[in-house]
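S.K.: would you be able to build a 3D model of this:
(2 chains)
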Amino acid sequence: MSSATDVRLPGRHAVVRDYLDAFRDPHTYNLFHNRTALFGFVWGIPVPVFSLGLDLLLSHPTSLGRCLEEHPMHIFFLFHPFLFAFVFGAFGTVRRRMDRRIVHLVGELERSVAGLAQANDRLKELDQLKAQFIANVTHELKTPLVAIRGYNESILELRFGPLTPKQQGGLEVSVRNIDRLQKLIEELLDFERIEAGALKLEIADFDLIPAAEAALDSIRPAIESKRIAAERRLPGSLRVRGDRDRIVHVLLNLLSNAVKFTPEGGTLGIEATEEGGRARIAVWDRGAGIPEAAQKFLFTRFWQADGGSRRRHGGTGLGLAIVKGILDAHGAPIRIQSAEGAGTRAEFELPLSVPVEAVKEGMV
Amino acid sequence: MKRILLVDDEADTLRTYSDLLSSEGYEVATASSGDEATGMIDGYRPDLILLDVMMPGKSGLEVARELSGRRETQDIPIVMITALSSVPSPHGNESIPGVRRFIYKPCRPRTLLEGVDHVLRYGR
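M.R.: Here you go, the predicted model:
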């Protein structure tokens, strides 16, 4: 280090006066090249080289000219501070521009985040409004049904006097359609709740078998009128964990689908088995089955396999969407296997009763 | 003869259910608002109150709370009748004092009559 300083400081004047000599002296030349250039590169501001170049330029332009004639590459050597300055300057400019761009982008990002938050709030508000609206509409739809249903059924139950057979028959049809309308309203409400993720389950231990029987009972009139054979493969008791009423709803929807798509005199079935700590429940029919291309739309609301089948089979197309919603809320995905012409089988699993809970229940 | 006070803002609902209850031998008085109900309760002294939830003005839940807060009326059993599918309780799951059961409209005549009969007999 000290030798470099020794050489450089006196050398500055010496070199200026006799530049080529200095360069021809291998010792100075090497030092100059190796050390100064090294410092220059390392520090980025090669002061000695810079002043050397400047001095030469100002006081000995001819000497410099001769030197450069002999060593043209020295031009880079002498002027590399400018190169540095230029490169760093350019770098700085680019960086400043990038900074400005980043600031701009960050601002834009913040604005769009704020916009999104606002939109989100608005959506939440709309969602609440929608839920409120549906609740109100359902209330309004049900209110006239109170009087319609109340009087029709009271009269049908002969509370207000005797009826002729014709009056009675007419009222029976009337009541059946009131049931249908009310069920439809309930179904729409259920569906809305599922869509809004507001379905609240009341999870408890219950025996699946009476629940399955209850669902089967509800569709018995339809089964009997189509002379369908219902195969039951159910154990005496199977305690599971879930929301009993919702599971009955699921079974009812699956069974009414099975009835709907089973031809007169056909067969459908309901099964429950215990497998690996879980209860597996299946509802099947040997009806028309679902074309493969149509299977992916099965759970789409309002969708029905055969657009024209709506007339033949009735229904809203909400049944399976509700089934899926309820089972999803239970964390129990539904599996549907179907082959055209061979029938359809819908299957899901529920956890068995938790032993600890069973003990607690037993103690109460 | 058991006396029932029926409270609902829908005139047709009042008529339907009072006809139904009368046909079963109950004596029925009707009120079409919460204020009307609380105003006539001391004069009528019903054995049971059938109370709608969603009414303009004072809601059924407010009426129930008010009645249960007064010594003269706190022992009258209340059955809420509602067309809502679930009743939003302003105090979470805390049950409303005096309310013995909920009946969801529209219901079968039998559901209403059995509910009323059960509450009158067993108090719940």
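S.K.: now B:Gly57: which helix or strand?
M.R.: Counting by DSSP states H and E, there is no helix or strand that carries B:Gly57.
S.K.: per-residue confidence at it?
M.R.: Per-residue confidence (pLDDT) for B:Gly57: 89.
S.K.: would the strand or helix carrying A:Leu123 count as contacting chain B?
M.R.: A:Leu123 belongs to helix A:74-156 when assigned by DSSP H and E. Yes - in this structure, helix A:74-156 sits against chain B according to C-beta under 8 Å from any C-beta of the partner chain; the contacting residues are A:135, A:138-139, A:142-151, A:153-154. Any C-beta I mention is one placed from the backbone N, CA and C, and that applies to glycine too.
S.K.: now, of those residues, which are buried?
M.R.: A:135, A:138-139, A:142-143, A:145-151, A:153-154 (16 or more other C-beta atoms under 10 Å in any protein chain shown).
S.K.: so which residues of the chain form helices?
M.R.: As the question left the chain open, I've gone with chain A. A:2-17, A:19-24, A:26-31, A:37-43, A:47-59, A:61-70, A:74-156, A:165-195, A:208-218, A:220-225, A:244-260, A:309-313, A:319-329, A:355-363 (DSSP state H).
S.K.: if you could check chain B rather than the one you did, that'd help
M.R.: Under the criterion DSSP H, helices of chain B are mapped to B:11-23, B:34-44, B:60-69, B:109-122.
S.K.: can you say which of those helices is nearest to chain A?
M.R.: Each of the helices of chain B was checked against chain A via C-beta to the nearest C-beta, and the shortest separation belongs to helix B:11-23, namely 3.7 Å.
S.K.: tell me what the closest one is packed against?
M.R.: For helix B:11-23, the elements it packs on are helix A:74-156, strand B:3-7, strand B:27-31, helix B:109-122, judged by 3 or more C-beta pairs under 8 Å, 6 or more residues apart in numbering or on different chains; DSSP states H and E.
S.K.: ok, the closest residue to A:Ile134 other than its chain neighbours - contacts?
M.R.: Counting by C-beta to C-beta, 6 or more residues apart in numbering or on different chains, the nearest residue to A:Ile134 once its immediate chain neighbours are dropped is A:Glu192, at 4.7 Å. Taking C-beta atoms under 8 Å, 6 or more residues apart in numbering or on different chains, we find A:Glu192 in contact with A:Lys130, A:Ala131, A:Ile134.
S.K.: again, 10 Å this time
M.R.: Under the criterion of C-beta atoms under 10 Å, 6 or more residues apart in numbering or on different chains, the contact list for A:Glu192 reads A:Lys130, A:Ala131, A:Phe133, A:Ile134, A:Ala135, A:Val137, A:Thr138, A:Ala198, A:Leu199.
S.K.: A:Ile281 against A:Leu234, yeah?
M.R.: Yes - because the distance of 9.3 Å satisfies C-beta atoms under 10 Å, A:Ile281 is recorded as touching A:Leu234.
S.K.: quick one, which of those two is more surrounded?
M.R.: Neighbours around A:Ile281 and A:Leu234, counted as other C-beta atoms under 10 Å in any protein chain shown, are more numerous at A:Ile281. The numbers are 26 against 17.
S.K.: near chain A, which residues of chain B show up?
M.R.: Among all residues of chain B, those adjacent to chain A (criterion: C-beta under 10 Å from any C-beta of the partner chain) are B:8-17, B:19-20, B:22-24, B:52-54, B:81-86, B:88, B:104-113.
S.K.: same thing but at 6 Å, please
M.R.: Where proximity means C-beta under 6 Å from any C-beta of the partner chain, the interface of chain B facing chain A comprises B:Glu10, B:Asp12, B:Thr13, B:Thr16, B:Leu20, B:Ser23, B:Ala83, B:Ser85, B:Lys105, B:Pro106, B:Arg108, B:Pro109.
S.K.: which members of those are the farthest-apart pair?
M.R.: Set against one another by C-beta to C-beta, the residues of chain B next to chain A have their most distant pair in B:Ser23 and B:Ser85, with a gap of 27.9 Å.
S.K.: find the nearest non-adjacent residue to B:Glu66, please.
M.R.: With sequence-adjacent residues excluded and distances taken as C-beta to C-beta, 6+ apart, B:Glu66 is closest to B:Thr38, at 6.1 Å.
S.K.: and the one you found, what's its pLDDT?
M.R.: B:Thr38 carries a pLDDT value of 92.
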